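Undergrad: Just the structure for this:
(4 chains)
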There are 2 protein chains.
Amino acid sequence: MIILSMLKLSYHSSETKNDAEMKRPSAVMAHQDESASQGRHGEQALEILQTLREDIISGRLTAGSLLRQQLLAERFGVSRMPVREALYRLEAEGFIAFTPNKGATVAPVSAEDVREIYEMRSAAETLALRLALPELTNAQIGRAEDLQAEMETAPVGEFGKLNAAFHQTLYQPCARPRLLAHVENLSNAADRYLRVAIGTLDYAEKSHREHRTLLEACRRRDEADAVGCLMQHIEEGGQTLYRRLTEL
Amino acid sequence: MIILSMLKLSYHSSETKNDAEMKRPSAVMAHQDESASQGRHGEQALEILQTLREDIISGRLTAGSLLRQQLLAERFGVSRMPVREALYRLEAEGFIAFTPNKGATVAPVSAEDVREIYEMRSAAETLALRLALPELTNAQIGRAEDLQAEMETAPVGEFGKLNAAFHQTLYQPCARPRLLAHVENLSNAADRYLRVAIGTLDYAEKSHREHRTLLEACRRRDEADAVGCLMQHIEEGGQTLYRRLTEL
DNA sequence: GATGGAAAAATTGTATCCAATATGAAATAG
DNA sequence: CTATTTCATATTGGATACAATTTTTCCATC
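TA: Below you'll find the model as predicted:
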């Protein structure tokens, strides 16, 4: 099957002067303040959101778990109000689901879900790479190479974060805040499933090999090759996870 | 430029038994209760969310407007609590942005934004159509044709809703809840910009023509043709809006 | 008249309290 | 002994109350 984009999405007068950073918290922020969010105003909810998201991605909170607002409030030493704010945002990200008058439960996992996530990743990330490649500098490619090298020696627990950073580094120059947020959200959703396959060595080996091939194509600024590599990388990764989950 | 998907996203053992309806309210719900949300528990926020979203899309709330929680609470006859819940969800949808201790403002509009939205629509909707086409029944195509006929005579104010329904009808059989929610969200985001072009007759004329061509390709189950039509339809629509906005 | 600062008002963010519903246990009827 | 009903408890959804911060206003000073 061959899908061909015969439209070259050439929008004229594209200035792209600023990266148009959206005002949203954007999920990725270095822990700027290790004092347990006791100091300043209005950041408890963010802390709770990030912690719960980590808990779900890492598997500490399993699918179907009930999230009791009172328990969470006590755990974080705050009232139920910022907890509720965090839960609303988690719902928007697809990690939990509310049932009226009953509470929030961690979203279920399924083979169909991971298949869908990777189908969407393929579409979104190839678009991002295509738009980013003309703006991508050698310095940025170098940073991606560094991340790749780090990933190859880091412990498996770090794989998800480093992998996301690697991909984001390549997409960043596209300067599309909506698209980048979407890619990040899909990456988080995928990380929840990654644990079931990252244990096997050949999965990581294959990923590393494909990353290096991708970087090479980026160095050459070969758009067709780079996008093809990325698409294969994502779709085959998704198929591997899908098979792994249907076997269980 | 030719992008070719050389991977045929063939996931084996694909059961797709149920459509896996997500528990989230899903934004599209018929007004089941015209009594101003006074009756049952836990639905004020939904009413507020839908109303505010409509207000932003329709332009009644303009970019940069400050959304005062107290005013909204009084307008809807509730406390600030369900208002805040609605605002959090609107933020996740990209319609508003919070600035700490200052409040929520309606997200700005820009030519870059509409360009990005249509780039994402092209990627997401062609994927949805590709996945839906093998499952699409003649009855569903008939319903799409009915919607198209209705759209050609309806007042311009109805165009956005009918257009979204037309596209959703064709994508629905793909049975991908995440993807469909994403497509719907992008459609809402695009509707905010549609007002600037829908006034011109040739825009609507062109859209109707392309819709009929698309339906014909769907009838023939010609995937390459249908996906090509859809991609051209979306990308050229986006370029038209982009040009219109850069001229202002 | 313009400018800077302090106080007052307004607004957000959080905590506490209340209402409505759901969950679960105990009691009663079969 | 089991099933059903009723009542107590727990939990969510919403309203009110309070604290922290920002914005506005007003006045003094240059």
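Undergrad: buried ones in stretch A:66-84?
TA: A:67, A:72-73, A:76, A:78, A:82-84 (16 or more other C-beta atoms under 10 Å in any protein chain shown). C-beta: built from backbone N, CA, C; applies to glycine.
Undergrad: That stretch close to DNA strand C?
TA: Yes. Against DNA strand C, stretch A:66-84 shows contacts by C-beta under 7 Å from any atom of the strand at A:78-82.
Undergrad: Can I get that stretch in PDB, CA atoms only?
TA: Provided in PDB are the C-alpha atoms of stretch A:66-84 (Å, rounded to 0.1, in the frame of the first residue of the first chain):
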ATOM      1  CA  LEU A  66      -9.700   3.700  42.200                       C
ATOM      2  CA  LEU A  67      -8.100   7.100  43.000                       C
ATOM      3  CA  ARG A  68      -9.700   8.300  46.300                       C
ATOM      4  CA  GLN A  69      -9.500  12.000  46.600                       C
ATOM      5  CA  GLN A  70      -9.200  12.000  50.400                       C
ATOM      6  CA  LEU A  71      -6.400   9.500  50.300                       C
ATOM      7  CA  LEU A  72      -4.500  11.500  47.700                       C
ATOM      8  CA  ALA A  73      -5.100  14.700  49.600                       C
ATOM      9  CA  GLU A  74      -3.600  13.200  52.800                       C
ATOM     10  CA  ARG A  75      -0.700  11.600  50.900                       C
ATOM     11  CA  PHE A  76       0.300  15.000  49.400                       C
ATOM     12  CA  GLY A  77      -0.600  16.900  52.600                       C
ATOM     13  CA  VAL A  78      -3.200  19.200  50.900                       C
ATOM     14  CA  SER A  79      -6.900  19.400  50.700                       C
ATOM     15  CA  ARG A  80      -9.000  17.600  48.100                       C
ATOM     16  CA  MET A  81      -9.200  20.700  45.900                       C
ATOM     17  CA  PRO A  82      -5.800  20.600  44.200                       C
ATOM     18  CA  VAL A  83      -6.200  16.900  43.900                       C
ATOM     19  CA  ARG A  84      -9.300  17.400  41.900                       C
END
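Undergrad: so for that stretch, what's the average pLDDT?
TA: Stretch A:66-84 shows a mean pLDDT of 96.
Undergrad: Residues contacting it, please?
TA: Outside stretch A:66-84, the residues that touch it by C-beta atoms under 8 Å, 6 or more residues apart in numbering or on different chains are A:36-38, A:44-45, A:47-48, A:51-52, A:61, A:87, A:96, A:103-106, B:85.
Undergrad: For DNA strand C, what's the nearest residue on chain A?
TA: The minimum distance from chain A to DNA strand C, using C-beta to the nearest atom of the strand, falls at A:S79 (3.1 Å).
Undergrad: Let me see the backbone angles for that residue.
TA: phi -90, psi 180 (degrees, to the nearest 10).
Undergrad: so how far is A:Q69 from it?
TA: Separation of A:S79 from A:Q69 (C-beta to C-beta, to the nearest Å): 9 Å.
Undergrad: Up against DNA strand C, what does chain A have?
TA: Checking chain A against DNA strand C by C-beta under 7 Å from any atom of the strand, the hits are A:41-45, A:78-82, A:85, A:100-102.
Undergrad: so what's the spatially most central residue of chain A closest to, chain neighbours aside?
TA: With distances taken as C-alpha atoms, centre = their mean, the residue of chain A nearest its centroid is A:S187 (2.1 Å). Computed as C-beta to C-beta, 6 or more residues apart in numbering or on different chains, the closest residue to A:S187 that is not its neighbour in sequence is A:A164, at 4.6 Å.
Undergrad: average pLDDT across stretch A:219-230?
TA: Mean predicted lDDT for stretch A:219-230 stands at 98.
Undergrad: again with stretch A:92-99
TA: In this model, stretch A:92-99 has a mean pLDDT of 96.
Undergrad: Can you list the buried residues in it?
TA: A:92-98.
Undergrad: same question, stretch A:120-134
TA: A:120-133.
Undergrad: Report all helices and strands that the longest helix anywhere in chain A contacts.
TA: Scanning chain A for the longest helix, with DSSP state H as the assignment, gives helix A:223-247. Identification of packing neighbours for helix A:223-247 by 3 or more C-beta pairs under 8 Å, 6 or more residues apart in numbering or on different chains; DSSP states H and E yields helix A:111-132, helix A:177-198, helix A:201-219.
Undergrad: helices and strands around the shortest one, which ones?
TA: Helices and strands in packing contact with helix A:201-219 are listed as helix A:138-153, helix A:159-171, helix A:223-247; criterion 3+ C-beta pairs under 8 Å, 6+ apart.
Undergrad: cool, the second one as well?
TA: When contacts are defined as 3+ C-beta pairs under 8 Å, 6+ apart, helix A:177-198 packs onto helix A:44-58, helix A:80-93, helix A:111-132, helix A:159-171, helix A:223-247, helix B:111-132, helix B:177-198.
Undergrad: for the record, mean pLDDT for the fourth one?
TA: I take that to be helix A:159-171. 96.
Undergrad: For it, output the C-alpha coordinates as PDB.
TA: Once non-C-alpha atoms are left out, helix A:159-171 reads as follows in PDB (Å, rounded to 0.1, in the frame of the first residue of the first chain):
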ATOM      1  CA  PHE A 159      14.700   4.400  28.700                       C
ATOM      2  CA  GLY A 160      11.300   6.000  28.400                       C
ATOM      3  CA  LYS A 161      12.400   9.500  29.400                       C
ATOM      4  CA  LEU A 162      15.600   9.400  27.300                       C
ATOM      5  CA  ASN A 163      13.800   8.000  24.300                       C
ATOM      6  CA  ALA A 164      11.200  10.800  24.500                       C
ATOM      7  CA  ALA A 165      13.900  13.400  24.800                       C
ATOM      8  CA  PHE A 166      15.700  11.900  21.800                       C
ATOM      9  CA  HIS A 167      12.700  12.100  19.600                       C
ATOM     10  CA  GLN A 168      11.700  15.600  21.000                       C
ATOM     11  CA  THR A 169      15.100  16.900  20.200                       C
ATOM     12  CA  LEU A 170      14.600  16.000  16.500                       C
ATOM     13  CA  TYR A 171      11.100  17.400  16.400                       C
END
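Undergrad: so that helix versus helix A:111-132, what angle?
TA: Per axes from the mean of the first three to the mean of the last three C-alpha atoms, to 10 degrees, the angle that helix A:159-171 makes with helix A:111-132 is 30 degrees.
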